[in-house]
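# Structure, please.
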Amino acid sequence: MNSKQSDRRRFLKEGAVLAGLAAGAIRSASGQGPMSASGRTPESEIPENFRFFNERSRFENSVRKLPSAGESGASKCPLQDLHGIITPSDLHFVAAYGMNPPDIDPREHRLLIHGLVHRPLIFTLEELKRLPSVSRIHLIECVTNSYMFRKRTVHLPELRNRLTARDIHGNTSCSEWTGVPLSLLLQEAGVKNEASWIVAEGAEPVKHARSIPLNKVMDDVIVAYAQNGEAIRRPNGYPLKLLVPGFEGAFNIKWLRRIKVVDQPYLTNVDVSHKVNLRPDGKMRWYNFEMPPKSVITRPSGEQRLPSRGFYEITGLAWSGGGTIRRVEVSTDGGRNWKDAQLQEPVLRIAHTRFRFPWNWDGGEAVLQSRCTDDRGVVQPTLAELGKIWGVNFDWEYWKIASETGYNGEHFNVIQPWKVTREGTVLDAMYDAWL
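Sure thing, here's the model as predicted:
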């Protein structure tokens, strides 16, 4: 046992936080309340000059984009309006799929750990907060982020001129998450030798659940209770969220209530629908959990306008579900020539990385692109290169079948082109060759 594990075990035993765990029985902590009650001053008693201290200026109108009728229930993050790498909690993208988030009383909420363990355990939120914690900056990305084929082709030209970085790539966000490493909780529960997976389940009515390999769980998974220095927002999983860095967004179980240690994937409803990537050519990719490297220029980007020729700083975000971004290149001529962009510190593992590139616009038509490389040497592909990786020919017939079958484009990480017209208007140019 290494010193870090020894220190944590000593904390649990000597601090009397979880007295009785070693007895091996499930025990309840009902009756334990928060260390202090928090109260709110009635608005009528707040002095007038303090009323607006936490509000944005009325001239700032950046918001998440809510789904339109017929769309899945995801509200998208306005990437084009962000600075740095941290997404404000109220702008973090939310995938709700038509369901209202549960309103959970943290004093009543419990986390159960059971299955192939020697000591099944139940934790209250306050007990979890008394354990050794970590704070890490990580991104979350929906598996279908960036695809939007039907919207970007069938509904042209009326929609194309209005597609923004938020519309196309807004199902990703990056926050600082604070919580307890799940490995610590499982060490206390005592994982049996035959265990190789867990099944994590949320407390929402549909009981969203995913199977996760145990080696990933013991590496970097966190039972999070805070986001960007405050309690996790209700739509993002309050009071507990399972953070699974780098994996598809649906693995990050919100409103976490139960973790069962098992010896095989359980093929839950969500496992079956997301475990394989069914492509229009009939082939499937199995157990492809990790999100690939991707980058996108956020300024200038869709629906923005360059008012005049001259200097502009091109900036955007790059990330990889498998590691750290090591290089971002930018092209202003449609991919014929590439130059290195500057990476803004900090550059972190499985987190958004901000890049910057100086550019003088001469007033002519231009196509702006970025491509990233992670620390494993994996390079973000062009549309044609992704076709070779997948073994398909991205021709118009392919896209027609994709549109008709409802294919959602999982793990679609191709280079995003933005066309700058002579008038300075910026347009999505991903599918120009087929339009």
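
# now the helices for this protein?
Using DSSP state H, the helices of the chain run over residues 3-14, 125-129, 149-153, 165-169, 182-189, 214-220, 269-274, 383-390, 396-405.

# least reliable of those going by mean pLDDT?
Mean pLDDT is lowest for helix 3-14 among the helices of the chain, at a mean of 47.

# Quick one: the strands in the stretch 251-400 of the chain, in order.
256-262, 276-278, 284-286, 294-299, 310-319, 325-331, 339-340, 342-343, 353-361, 366-374 (DSSP state E, counting those that start in this stretch).

# Out of those, the one nearest Leu243 is which?
Among those, the nearest to Leu243 by Cβ to Cβ is strand 256-262 (9.7 Å). Any C-beta I mention is one placed from the backbone N, CA and C, and that applies to glycine too.

# what lines up beside the closest one in the sheet?
Partner strands and pairing direction for strand 256-262 (DSSP bridges) are strand 110-115 (parallel), strand 197-202 (antiparallel).

# out of those strands, deepest packed?
Most buried of these, by mean neighbour count (mean count of other Cβ atoms under 10 Å): strand 197-202, with a mean of 23.

# Could you pull up the contacting residues of Asn236?
The neighbourhood of Asn236, defined by Cβ atoms under 8 Å, 6 or more residues apart in numbering, consists of Ser89, His92, Val94, Gln227, Lys254.

# In JSON lines, list the strands paired with strand 256-262 along with distance to Asp395 and mean pLDDT.
JSON lines is the format used below for those (distance: least, Cβ to Cβ, whole Å; pLDDT from 0 to 100):
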{"stretch": "strand 110-115", "distance to Asp395": "48", "mean pLDDT": "98"}
{"stretch": "strand 197-202", "distance to Asp395": "39", "mean pLDDT": "96"}
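
# Just send these back as TSV, with distance to Asp219 too.
Shown next, in TSV, are the strands paired with strand 256-262 (distance: least, Cβ to Cβ, whole Å):
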stretch	distance to Asp219
strand 110-115	18
strand 197-202	13
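
# Quick one: closest of these to Gly391.
strand 197-202 (28.9 Å).

# quick check: angle from that closest one to helix 182-189?
On the basis of axes from the mean of the first three to the mean of the last three Cα atoms, to 10 degrees, strand 197-202 is oriented at 110 degrees to helix 182-189.

# Might you quantify the distance of strand 197-202 from its chain's geometric centre?
Distance, stretch centre to chain centre, for strand 197-202: 18 Å (Cα atoms, centre = their mean, to the nearest Å).

# Run through the residues that contact the closest residue to Arg210 other than its chain neighbours.
Spatial nearest neighbour of Arg210, excluding adjacent residues (Cβ to Cβ, 6 or more residues apart in numbering): Phe251 at 5.1 Å. Neighbouring residues of Phe251 by Cβ under 8 Å, 6+ apart: Ala200, Arg210, Ile212, Leu242, Val244, Phe289.

# Neighbours of the fifth one, how many?
Read it as Val244. Val244 has 27 neighbours, counted by other Cβ atoms under 10 Å.

# quick one: low-confidence parts of the stretch 151-300 of the chain?
151-161, 267-287 (pLDDT under 70).

# Got the domain ranges for the chain?
When the chain is parsed with automatic domain parsing, its domains come out as 3-30+97-143+175-275, 149-170+288-434.

# Among those, which comes closest to Pro78?
domain 149-170+288-434 (4.4 Å).

# Relative to the whole chain's centre, how far out is that closest one?
On the basis of Cα atoms, centre = their mean, domain 149-170+288-434 sits 18 Å off its chain's mean C-alpha point.

# Could you do stretch 243-260 as well?
With Cα atoms, centre = their mean as the basis, stretch 243-260 stands 11 Å off its chain's centre.

# how far does that stretch stretch from start to finish?
For stretch 243-260, the separation between the terminal residues is 16 Å (Cα to Cα, to the nearest Å).

# go on, stretch 120-140?
Using Cα to Cα, the span of stretch 120-140 from its first residue to its last is 30 Å.

# How far off centre is that stretch?
For stretch 120-140, the distance to the chain centre is 19 Å (Cα atoms, centre = their mean).

# Make TSV from the contacts of Asn236 and add distance to Arg327 and neighbour count to it.
TSV is the format used below for the contacts of Asn236 (distance: Cβ to Cβ, whole Å; neighbours: other Cβ atoms under 10 Å):
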residue	distance to Arg327	neighbour count
Ser89	30	19
His92	27	21
Val94	31	23
Gln227	29	23
Lys254	34	23
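
# Now tabulate the residues you listed in a markdown table and tack on distance to Asn145.
Shown next, in a markdown table, are the contacts of Asn236 (distance: Cβ to Cβ, whole Å):
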| residue | distance to Asn145 |
| --- | --- |
| Ser89 | 19 |
| His92 | 14 |
| Val94 | 13 |
| Gln227 | 19 |
| Lys254 | 17 |
